[in-house]
Every structure is written in C-alpha cells, then in structure tokens.
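Asker: my questions concern the predicted model and sequence given below.
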Amino acid sequence: MNSKINLLSTESYDYDLPPELIAQTPIIDRSSSRLLVLDRKTDQLTDQHFYNIIDYLNPGDTLVLNDSKVMPARLIGEKSDTHGHVEFLLLKNTHSNDWEVLAKPARHLHSKTEVVFGNGLLKATIQDYLGEGRFNVTFNYEGVFLEILDQLGEMPLPPYIKEKLADKDRYQTVYAKNWGSAAAPTAGLHWTKDLLAKVKDKGVNVAYLTLHVGLGTFRPVNTDNVKEHHMHSEYYILDEKTADLINQTHQEGHRVIANGTTVVRTLETVAHNHDGKIVADSGYTDIFIYPGFKWEAVDELITNFHLPKSTLVMLVASFANREQILAAYEHAIKQKYRFFSFGDAMLIK
C-alpha cells in the first residue's frame, strides 16, 4: 500500500466516471447484467455475467438478501393556503401517522403549514424542522396509508437517473416483502426467481434480513476527513432463523455472502453490538465502514458500482482495499460497465 495515501481523506476515494456510463434504465433481463469478479487474494479481475454468480457459490454457503420493499415515497402536493408546489420524500415512519420527510422547497415550510396531496386524499401538517431539508410531519387521511401512497406516490429514483421508470416493479427486488425503504437495495435488482431457485438447488442457503434503506447511505461525504462525516440511521431486523443459519454456516467452515451493502451494514452492526456474535436483533444503525474497520460477519460481498467519494465506495475499499477497488473501477470504466442503481454488479471474494 502506498504510504503517501491518506485513507482518511475523502479525496482518496474519488474517481472519474464518464456520465454516459450511469445506467438510466434497467436492462430487460435482470440476471444478464454484467458481473466483475475481484479476487482479493490475487488481485485478479474476471468479466462475467450475473447469471454466472452461481459458479462462485458452493453448497453450504449462505447468501443473505435484504427483503426491504421500496415505498412509492415521492409525493407531489401543494400548500393549502398559497397552492405553492411542495415535494415530499418519505424517509421513515417515526410514530403512528408521524413521518420524517425530506421536503422541498424547505425554506417555504413552517410549523403548522398544511400540505395537500391528490386533491385532499392525503394531507400533511408540518410539525418541526430537523435540519438539512428534513421535517417531522403528521399525515391525515381516511383508509389505508400504504394504499393511498401506492395511488399517489412515485418511486424515489436517485437524482442521477433522469429517465422516468416505465414499470414501478423494476425498482424492487423480486423478493421484496417488507415496506419501508426510501431507495432500493440495488445489489438485489440482478436476481430473478429462476436464478435464486438454481442457487438453492445447488445446496446454497438463501437467508433474508430487513434493512430499510434511507437517503443517508447515498449522500455525498462533504467533509475533508472521513471521520467527520455523520451517517444517518437506518432500521434493521435480523430474525433468529437467519442468525442461526449464519452461525451454522461459519461453524461448518462455509462462507457468508452478503448481497449488498445494506446486508453488510446489518450483519456487521449486529456482530459489533454482540462481541462478534450473530444473534436475533433489531434497531437503528448508523454504522460507518471505512478502511481500518474490523470485519466480523461477512466473507464475500456482491455489490453494485458506487458514486465517487461516497460512503459505499469507502465500505468496499474497507472490504478489499482502496487500490484494488480503484483498479477494479478503472477496469469497469474501460470495459464500459454500467454504473450505479440500474448498473452492473461486482463480486468481491
């Protein structure tokens, strides 16, 4: 490792990405996306397709997936008094009908301001300002909230995706079950039900946990020093069945493969909270993983290609090392891989 590189400098995780490589739409066949395999021991890079992932999984291994479901969390409405345009992005349900939202334009919203959506089908009252464009709000409606949200809401696509999504389900994994995310756990978008069936037929365990993805994971790091960046918290649930299976996998000498950084955040949070042990657990995590982190739960990682200077690039640079990750990204750019949410995948083994 180059001793001149400061691993706590945000600039150390920058790279140049041609804008045309940012995937704007999902490919038709999820599992036909490309897969770059990085071998941490040998530095070897291998170009594959995602359906080849089965060749890298062995009987007795456990593949862990995040079954959180993305809410159509983007709401367009207007203030009831001035009819001024307001946009909400639901972040998390704090209590009953109370939610934390990201709102814009934030400067025109104040305590007790009422915002109306769908000609009054849904109303929201601003309670208090939390900073960084976030507010606590209380919703008022008749019926079932998720049904109203499904009717009025749009999928909260990241700002670098400029095209409108034709099919809402393409921003969901095929195994999404538990509503609560403001963004998709995108490493899971490559799986099809058929490919998961083949994985199980090979004798690989498939386990699930839930982490509701918030916007904090995707926000840029605006501090020069990595340690000064503040991570927002995300809610996770790890049940006893999955915890037991992970422990059994390790006891029998097999590998735990995390499908996505959200799975990593959950498993490593639980391990660090329980002296290296994996137990049934739930709560909020604001874990920040960057080089120097002590890994305790995950043996291999399936992930997408992440934004420059993001916390997710720092996470993968902790799992491999910075030089390996930047070399892999350089290779992916030369080979014209597709980047970010609807882009291609990477296996770090």
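Answerer: Perfect, I can see it now. Keep in mind it's a predicted model, so treat the numbers as computed, not measured. Numbers count the residues shown, from 1 in each chain.

Asker: any stretches of the stretch 201-349 of the chain with poor pLDDT?
Answerer: By pLDDT under 70, the weakly predicted segments of the stretch 201-349 of the chain are 217-218.

Asker: actually the stretch 1-150 of the chain, sorry about that
Answerer: 1-3.

Asker: buried sites along the strand or helix carrying Val64?
Answerer: For Val64, the element it lies in under DSSP states H and E is strand 62-66. Neighbour-count burial for strand 62-66, counted by 16 or more other Cβ atoms under 10 Å, picks out 62-66. (Each C-beta comes from the backbone N, C-alpha and C, glycine too.)

Asker: including distance to Ile289, could those go into CSV?
Answerer: Below are the buried residues of strand 62-66 laid out as CSV (distance: Cβ to Cβ, whole Å):
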residue, distance to Ile289
Thr62, 20
Leu63, 20
Val64, 16
Leu65, 19
Asn66, 16
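
Asker: closest to Leu307 among these?
Answerer: Comparing those against Leu307 with Cβ to Cβ places Asn66 closest, at 19.2 Å.

Asker: who are the contact partners of the closest one?
Answerer: 173, 185, 188, 208-211, 213, 259-260, 262-263, 266 (Cβ atoms under 8 Å, 6 or more residues apart in numbering).

Asker: in helices, which of these fall?
Answerer: Judged by DSSP state H, the subset of the contacts of Asn66 located in helices is 262-263, 266.

Asker: and the gap between Asn304 and Thr269?
Answerer: Using Cβ to Cβ, to the nearest Å, Asn304 is found at 21 Å from Thr269.

Asker: got a list of what Pro105 touches?
Answerer: Contacts of Pro105 by Cβ under 8 Å, 6+ apart are 85-86.

Asker: backbone phi and psi for it, please?
Answerer: Main-chain dihedrals, Pro105, degrees, to the nearest 10: phi -80, psi 120.

Asker: how close does it sit to Gly343?
Answerer: Distance from Pro105 to Gly343, by Cβ to Cβ: 31 Å.

Asker: can you check Val221 too?
Answerer: 20 Å.

Asker: make CSV from the contacts of Asn66 and add distance to Arg30 and neighbour count to it.
Answerer: Below are the contacts of Asn66 laid out as CSV (distance: Cβ to Cβ, whole Å; neighbours: other Cβ atoms under 10 Å):
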residue, distance to Arg30, neighbour count
Thr173, 9, 24
Pro185, 14, 27
Gly188, 10, 24
Tyr208, 18, 20
Leu209, 21, 26
Thr210, 21, 23
Leu211, 21, 28
Val213, 18, 23
Asn259, 13, 27
Gly260, 14, 26
Thr262, 18, 30
Val263, 18, 30
Thr266, 23, 28
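
Asker: any idea which of those residues is closest to Arg322?
Answerer: Nearest to Arg322, judged by Cβ to Cβ, of those is Gly260 at 20.4 Å.

Asker: buried stuff in the host helix or strand of Ser318?
Answerer: Assigned by DSSP H and E, Ser318 belongs to helix 311-319. Residues of helix 311-319 classed as buried: 311-319 (neighbour count, 16+ other Cβ under 10 Å).

Asker: ok so, going back, more neighbours: Asn304 and Thr269, which one.
Answerer: Using other Cβ atoms under 10 Å as the criterion, Asn304 and Thr269 rank with Asn304 on top: 26 against 22.

Asker: wait, doesn't the more buried one sit right on Ile348?
Answerer: No - with contact defined as Cβ atoms under 8 Å, Asn304 does not reach Ile348; the gap is 11.7 Å.

Asker: show me where the stretch 151-300 of the chain has strands.
Answerer: 178-181, 205-211, 234-238, 256-259, 281-285, 300-304 (DSSP state E, counting those that start in this stretch).

Asker: deepest-packed of those strands, please.
Answerer: With neighbours taken as mean count of other Cβ atoms under 10 Å, the strands of the stretch 151-300 of the chain reach their highest mean count in strand 256-259, at a mean of 26.
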